[in-house]
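A.B. asks: What follows is a predicted structure for the sequence shown.
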Amino acid sequence: MKGIIFTEFMELVEEKFGLDVLDEVLEMSGDEGIYTAVGSYDHRDLVKLIVNLSKKTNIAPETLQQVFGQTVFKTLLAAIPQNASIGTSRSTFQFIRHVEDYIHVEVKKLYSDAEPPKFYFISESETDMVMDYQSARCMSHVCLGLIEGCAEHFGEKLNVEMTPQSDDNSTVRFSLTLV
């Protein structure tokens, strides 16, 4: 997992809960908290940080992942080159399509060891999209938050249903409906 995810997570924890809570979560996790935005790190370290933040704050890990996804969307959006085709997206659905067709492809070109999630599009209309999110990292609630952050960016309101397609949540079906 790319370091930008870790650095953004730690910034969010510090902003929302304070430096003392971040330090305690790092200590609980046996983590020194030294990450670079371009480095690659084991996603289990992020999971450990989320679980320990949940213990410290009594907020469900899924909720923490969702809020993180909503927040990190803006940072990831800002990191996209201005001339990228994804910049022509005019809606949440278009953007999500471009994530699979452009961002995940570019990530693989830049970082051959990267394993971005996969989106499998089941159906799409003007008002509905059904897709399967597949990731060995099982962080579908981060994906949910990213989708919500995207919809906010485009000024759209979505109803989102998540349906696990596997016992370990490595595949989750997202049914998105514009309201």
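C.D. replies: Noted; the coordinates are in hand.
A.B. asks: For the rest of this, base every contact and every neighbour count on C-alpha atoms.
C.D. replies: OK.
A.B. asks: Please report how far the residue nearest the centre of the chain lies from Lys109.
C.D. replies: In the chain, the C-alpha nearest the mean C-alpha coordinate belongs to Val142, at 3.9 Å (CA atoms, centre = their mean). According to CA to CA, to the nearest Å, Val142 and Lys109 sit 23 Å apart.
A.B. asks: ditto for Ser54
C.D. replies: For Ser54 relative to Lys109 (CA to CA), the value is 35 Å.
A.B. asks: same deal with Ser40?
C.D. replies: Counting by CA to CA, the gap from Ser40 to Lys109 is 15 Å.
A.B. asks: re the thing from before, and Ser54 and Lys109? Which one has more around it.
C.D. replies: Ser54 (17 against 11; other CA atoms under 10 Å).
A.B. asks: Wasn't the more buried one part of a helix?
C.D. replies: Yes - secondary structure of Ser54, determined by DSSP: H, G, I helix; E, B strand; the rest coil: located in a helix.
A.B. asks: quick one, what contacts it?
C.D. replies: By CA atoms under 8 Å, 6 or more residues apart in numbering, Ser54 lies in contact with Ala60, Pro61, Leu64.
A.B. asks: How about the secondary structure of the last one?
C.D. replies: In other words, Leu64. Put simply, Leu64 is helix when judged by three-state DSSP.
A.B. asks: Next: Glu161.
C.D. replies: Here Glu161 is strand, with the state taken from three-state DSSP.
A.B. asks: That one is in contact with Ser175, isn't it?
C.D. replies: Yes - contact criterion CA atoms under 8 Å: Glu161 and Ser175 qualify, at 5.1 Å.
A.B. asks: The two: who's more crowded?
C.D. replies: Taking other CA under 10 Å, Glu161 and Ser175 do not tie; Ser175 has more neighbours (19 against 13).
A.B. asks: got a pLDDT number for the more buried one?
C.D. replies: Ser175 carries a pLDDT score of 98 in this model.
A.B. asks: Looks to me like it is in a strand.
C.D. replies: Yes - under three-state DSSP, Ser175 falls within a strand.
A.B. asks: Which residues are in contact with it?
C.D. replies: Here Ser175 is in contact with Asp128, Met129, Val130, Met131, Val160, Glu161, Met162 (CA under 8 Å, 6+ apart).
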